[in-house]
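Undergrad: need a structure here:
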Amino acid sequence: MSALFTMDSYYIQTKFWRVLGGAFWFKDVNDQVIAYSKQKRFKLKEDIVLYSDETCTQPLISIKARSVIDFGATYDIVDMTTGENLGAARRKGLKSIFKDTWKILDANGNEYAEFVEDSNAILRRFVPLIPAKYHFSIQGQHDIMMNQRFNPIIKKTDVMIPPGHPLDRRVIAAVALLNSAIEGRQK
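TA: The predicted structure follows:
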């Protein structure tokens with residue numbers, strides 16, 4: 001199992017302005033790369049893979065869109081090392097205009113968590129330098145946080161998970177990557 005899936009805190013780094021696609025570095029508190037993903041620009045259907053490092057030889061997680069239309073799309077999340085279906089993330093189309101919102105589904109399609117933006121999405125779309133804040137909500141508890149740091153060149157998003165939290169860390173990493181990829185495309 002990747003070290004990423006055992007950590008309580010890490011951050012995702014990417015360039016703020018992406019022209020030909022995005023690269024996402026998952027780094028530990030010592031700035032060491034613990035996972036990596038590269039996204040191609042202008043794809044009709046999202047197919048994102050999280051790798052163990054920049055060589056892209058060991059895939060960890062696959063995130064695939066079920067449809068071409070992104071507005072309210074559902075993305076399947078699969079553990080590439082075991083082939084296990086971890087569930088899916090479904091974007092709440094209209095609701096995401098005002099506040100990015102994702103429903104987290106288990107392998108059977110049942111909703112069990114939500115990923116919600118705490119900042120003002122509309123304002124952030126017009127002023128992209130405003131840092132975003134998110135949380136995972138499970139039965140009303142908002143204890144897993146994602147906060148962007150302010151930096152106009154390099155975007156860094158901290159992911160903070162309480163020790164022993166029951167939400168599958170593979171799903172947390174997948175949703176964090178998916179949200180970063182989709183958000184980067186909206187700018």
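Undergrad: mind listing what the residue nearest to residue 23 when sequence neighbours are not counted touches?
TA: Spatial nearest neighbour of residue 23, excluding adjacent residues (Cβ to Cβ, 6 or more residues apart in numbering): residue 38 at 4.9 Å. The way it works is simple: take the backbone N, C-alpha and C, and place the C-beta from them, glycine included. Taking Cβ atoms under 8 Å, 6 or more residues apart in numbering, we find residue 38 in contact with 21-24, 56.
Undergrad: can I get the residues you listed in CSV with neighbour count, distance to residue 139 and secondary structure?
TA: CSV is the format used below for those (neighbours: other Cβ atoms under 10 Å; distance: Cβ to Cβ, whole Å; DSSP: H, G, I helix; E, B strand; the rest coil):
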residue, neighbour count, distance to residue 139, secondary structure
21, 14, 37, strand
22, 20, 33, strand
23, 13, 35, strand
24, 22, 29, strand
56, 13, 37, coil
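Undergrad: quick revisit: give me the pLDDT for the residue nearest to residue 23.
TA: For residue 38, the pLDDT comes out at 89.
Undergrad: likewise residue 52?
TA: pLDDT, residue 52: 96.
Undergrad: cool, the one 4 residues further on as well?
TA: Residue 56 is assigned a pLDDT of 94 by the prediction.
Undergrad: hmm, it is touching residue 23, no?
TA: No - counting by Cβ atoms under 8 Å, residue 56 sits too far from residue 23 to count as a contact (10.7 Å).
Undergrad: shared neighbours of the two, anything?
TA: 36, 38.
Undergrad: just the CA trace of the lengthiest helix in the chain, in PDB.
TA: Across the chain, the longest stretch assigned as helix under DSSP state H is helix 169-186. Extracted as PDB, the C-alpha positions of helix 169-186 are listed here (Å, rounded to 0.1, in the frame of the first residue of the first chain):
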ATOM      1  CA  ARG A 169      -7.900   7.400   2.400                       C
ATOM      2  CA  ARG A 170      -7.800   6.100  -1.200                       C
ATOM      3  CA  VAL A 171     -11.200   7.700  -1.700                       C
ATOM      4  CA  ILE A 172     -10.100  10.900   0.000                       C
ATOM      5  CA  ALA A 173      -7.000  11.100  -2.300                       C
ATOM      6  CA  ALA A 174      -9.100  10.300  -5.400                       C
ATOM      7  CA  VAL A 175     -11.700  13.000  -4.600                       C
ATOM      8  CA  ALA A 176      -9.000  15.600  -3.800                       C
ATOM      9  CA  LEU A 177      -7.300  14.800  -7.100                       C
ATOM     10  CA  LEU A 178     -10.600  14.800  -9.100                       C
ATOM     11  CA  ASN A 179     -11.700  18.100  -7.600                       C
ATOM     12  CA  SER A 180      -8.300  19.700  -8.300                       C
ATOM     13  CA  ALA A 181      -8.400  18.500 -11.900                       C
ATOM     14  CA  ILE A 182     -12.000  19.700 -12.500                       C
ATOM     15  CA  GLU A 183     -11.400  23.000 -10.700                       C
ATOM     16  CA  GLY A 184      -8.300  23.700 -12.800                       C
ATOM     17  CA  ARG A 185     -10.300  23.200 -16.000                       C
ATOM     18  CA  GLN A 186     -12.900  25.700 -14.900                       C
END
